[in-house]
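S.K.: starting from these lines, generate the structure:
(one chain, ligands or ions: 1)
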Amino acid sequence: MADPGEPVIRLQAVRKEYANGTVAVDSLDLDVHEHELMVLVGPSGCGKSTTLRMVNRLVEPTSGRVLVTGEDVQSIDPVALRRRIGYVIQHVGLFPHRTVAQNVGTVPALLGWDARRTRERSAELLDLVGLDHATYGKRYPHQLSGGEQQRVGVARALAADPPVLLMDEPFGAVDPAGRRHLQAEFWKIQRELGTTVMLVTHDIDEAVRLGDRIAVFSQGGHLEQLADAVTLLARPATDMVRDFVGTGRAVRLLGIGELDEGDLEPLPRGRAEGPDDVAPDLAPRDALELHGRLDDAFAALAASGGEPVPVLGSDGRPVGMLSVTGLLGALHRITGAAEADAA
Ligand SMILES: Nc1ncnc2c1ncn2[C@@H]1O[C@H](COP(=O)(O)OP(=O)(O)OP(=O)(O)O)[C@@H](O)[C@H]1O
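M.R.: Reported below is the predicted structural model:
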């Protein structure tokens, strides 16, 4: 096991030059901490997959070192290493002649778990990714939609509860609505299990939605910026990052920023005492929640025609009103906080 505070994945001055002379990654230093979800994002061909695949030795670095829980992966047998590290790819590669339950149980079975424990773990994981095990466990992969297969891929990778999970475009085969849903579910599972994750995507929205920290790569595996989502959107470090995160930065910030007490205006007089005092226009179904996402706040203000919308605290009582000005203030607040952190 790693010492407390020691990164679970550590890349030190890593370089990969393929046989044809392509330098996919050069002088890369990158640490992923325990329980962290690190996203690698960047344009096609910038070396994201190469970086990921050096962690489980599907690609061997030309120079530099890769450590997993403090151990140089060069000193670990690749097969043993890959049993310790989950791996999910876009085209999930399920075994076609094995049932869904057997697919999910692959690694536990290889690790010598007894049949019953493997079966139980399979069922538990299928339920966790939103596939009822009684319905889906007996099916074969071809009897599932692409999105369902991708869920099975995620369940299979998590089945042996690997401390480290590598994911390469894991939700790429799912339609946009299903993808958002699967991202949200995966995020919850990752928080629950505390798995340390390195995830590759070319989708900046996926990156800011999932990543605790986001590493933006440019060609040649060059690290342009390593930051949390808000900092990345509010304060892109280079022109490349600014172009990559695009003109939708403010909208993306709405998707990850939260509503704060300071963004609110006082309640109209006489309405702060308790639920009984709440007028019909403050009914909870029309209200926002404190610490809710700013994109919900934006939607509520759009629906109200720009009229201030009530905001409820955790006890369900109104704590203030959010106006359009308040929402813009919230955006400035998170942008300003990111800039202050960076200063
Ligand atoms: N086996 C290989 N032999 C030679 N060059 C390779 C090999 N694999 C990848 N490359 C090259 O290395 C560079 C980085 O590739 P890599 O797959 O790591 O990028 P990526 O950022 O994951 O791209 P994408 O988002 O398109 O999957 C590219 O120029 C690619 O063409």
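S.K.: the residue in the stretch 51-200 of the chain that the ligand sits nearest to sits in which helix or strand?
M.R.: In the stretch 51-200 of the chain, the residue that lies nearest the ligand is residue 200 (6.2 Å; Cβ to the nearest ligand atom). Yep, even glycine has a C-beta here, placed from its N, CA and C like the rest. Using DSSP states H and E, residue 200 sits within strand 196-201.
S.K.: quick one: average pLDDT of that strand?
M.R.: Average pLDDT, strand 196-201: 96.
S.K.: so who does residue 189 touch?
M.R.: Counting by Cβ atoms under 8 Å, 6 or more residues apart in numbering, residue 189 makes contact with 128-129, 154, 158.
S.K.: from these, which land in strands?
M.R.: Among these, DSSP state E puts none in strands.
S.K.: most widely separated two among the residues you listed?
M.R.: 128 and 154 (9.1 Å; Cβ to Cβ).
S.K.: so which of these two has more stuff around it?
M.R.: Neighbours were counted for residue 128 and for residue 154 using other Cβ atoms under 10 Å; residue 154 has more, 25 against 19.
S.K.: surely the residue of the stretch 51-200 of the chain closest to the ligand is in contact with residue 42?
M.R.: No: using Cβ atoms under 8 Å, residue 200 is not in contact with residue 42, being 9.0 Å away.
S.K.: shared neighbours of those two, anything?
M.R.: Shared contacts of residue 200 and residue 42, counting by Cβ under 8 Å, 6+ apart, come down to residue 48.
S.K.: before we move on, back to that, of the contacts of residue 189, which belong to helices?
M.R.: Counting by DSSP state H, those place 128, 154, 158 in helices.
S.K.: for residue 289, give me phi and psi.
M.R.: With angles defined as degrees, to the nearest 10, residue 289 sits at phi -110, psi 140.
S.K.: tell me the pLDDT of it.
M.R.: pLDDT, residue 289: 92.
S.K.: who does it form a beta bridge with?
M.R.: residue 312 (DSSP bridges).
S.K.: what's near enough to touch it?
M.R.: Counted by Cβ under 8 Å, 6+ apart, residue 289 has contacts 259, 311-312, 314.
S.K.: most neighbours out of the residues you listed, which is it?
M.R.: residue 311 (27 neighbours).
S.K.: from residue 318, how far off is that one?
M.R.: 7 Å (Cβ to Cβ, to the nearest Å).
S.K.: so for those two, which residues contact both of them?
M.R.: Common contacts of residue 311 and residue 318 (Cβ under 8 Å, 6+ apart): residue 287.
S.K.: and the residue of the stretch 201-343 of the chain found nearest the ligand, how many residues sit next to it?
M.R.: Using Cβ to the nearest ligand atom, residue 202 is the residue of the stretch 201-343 of the chain that sits closest to the ligand, at 4.8 Å. Around residue 202 there are 18 other residues, counting by other Cβ under 10 Å.
S.K.: in the helix or strand hosting residue 184, what's buried?
M.R.: Secondary structure assignment for residue 184, by DSSP H and E: helix 176-193. Neighbour counts over helix 176-193 (16 or more other Cβ atoms under 10 Å) mark 178-179, 182-183, 186, 189-190, 193 as buried.
S.K.: could you dump the contacts of residue 289 to TSV with pLDDT and distance to residue 241?
M.R.: Putting the contacts of residue 289 into TSV (pLDDT from 0 to 100; distance: Cβ to Cβ, whole Å) gives the following:
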residue	pLDDT	distance to residue 241
259	93	27
311	93	33
312	92	37
314	89	36
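S.K.: how near is residue 115 to residue 319?
M.R.: 54 Å.
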